[in-house]
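S.K.: Provided below are the primary sequence and the corresponding predicted coordinates.
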Amino acid sequence: MPWDRYWVISWNVHMSDPERDTQNDRRKGTPGHDGLFRLKPLLDSVKDACRSSYHPRQNLSVDERAAPLQRMKGKPTKWGFKLFALADGSSGYTWDFTVYTGKSPLPPTPS
C-alpha cells in the first residue's frame, strides 16, 4: 500500500470516542495523558484475541520487538513500533504485549 494512502486511511479511522479524545488531549504533558488512547480499543481487542486463542506452555520469554513504522536508530528494523512482548519460548507465539510510548516517569500499569 502506498504511504500516502495509508495516512489518508489512518487519519479517517477513529476507534475511540471523540469527546474522550478531547479530554485526554487536555491532559497532554501530565501523568494522566495516554498517548495510545485513540488506539486502545483496537489494542485491547488484539490482546484479548491473543490471550484467548492460545495457552502458553511453561517456558515464557519477555522480548523487545519492532513492528514496522517508527524510526529507531541503531536497530536492525529502523522504522517501527517498539513492543515488549510476552511470548511462548517454544513456538514464539505472542501472548501479551505492551507498546513502548517513550520514557515515562511513572511505572507501567498492568493491562
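M.R.: Received, thanks. Numbers count the residues shown, from 1 in each chain.
S.K.: where along this structure do the helices fall?
M.R.: 3-12, 18-26, 40-53 (DSSP state H).
S.K.: In a markdown table, list those along with distance to Val62 and mean pLDDT.
M.R.: Using the backbone N, CA and C atoms, a C-beta is placed for each residue, glycine as well. Listed next are the helices of the chain as a markdown table, based on distance: least, CB to CB, whole Å; pLDDT from 0 to 100:
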| stretch | distance to Val62 | mean pLDDT |
| --- | --- | --- |
| helix 3-12 | 29 | 81 |
| helix 18-26 | 28 | 88 |
| helix 40-53 | 15 | 88 |
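S.K.: Quick one: the ones you listed as CSV, columns for mean neighbour count and distance to Glu64 too.
M.R.: Output for the helices of the chain, formatted as CSV (neighbours: other CB atoms under 10 Å; distance: least, CB to CB, whole Å):
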stretch, mean neighbour count, distance to Glu64
helix 3-12, 9, 24
helix 18-26, 11, 26
helix 40-53, 12, 17
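S.K.: would you list these in a markdown table and tack on distance to Ser91?
M.R.: Formatted as a markdown table, the helices of the chain follow (distance: least, CB to CB, whole Å):
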| stretch | distance to Ser91 |
| --- | --- |
| helix 3-12 | 30 |
| helix 18-26 | 36 |
| helix 40-53 | 12 |
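S.K.: Ok, which of those comes nearest Asp96?
M.R.: Judged by CB to CB, the one of the helices of the chain that comes nearest to Asp96 is helix 40-53, at 6.3 Å.
S.K.: Give me the packing partners of the closest one, helices and strands only.
M.R.: strand 94-99 (3 or more CB pairs under 8 Å, 6 or more residues apart in numbering; DSSP states H and E).
S.K.: let's see it at 10 Å
M.R.: Here helix 40-53 touches strand 79-88, strand 94-99, going by 3 or more CB pairs under 10 Å, 6 or more residues apart in numbering; DSSP states H and E.
S.K.: now for these, which one comes closest to Glu64?
M.R.: Ranking these by proximity to Glu64 (CB to CB) places strand 79-88 first, at 5.9 Å.
S.K.: Would you list the strands that that closest one pairs with, along with their directions?
M.R.: Pairing partners of strand 79-88, with direction, according to DSSP bridges: strand 60-71 (antiparallel), strand 94-99 (antiparallel).
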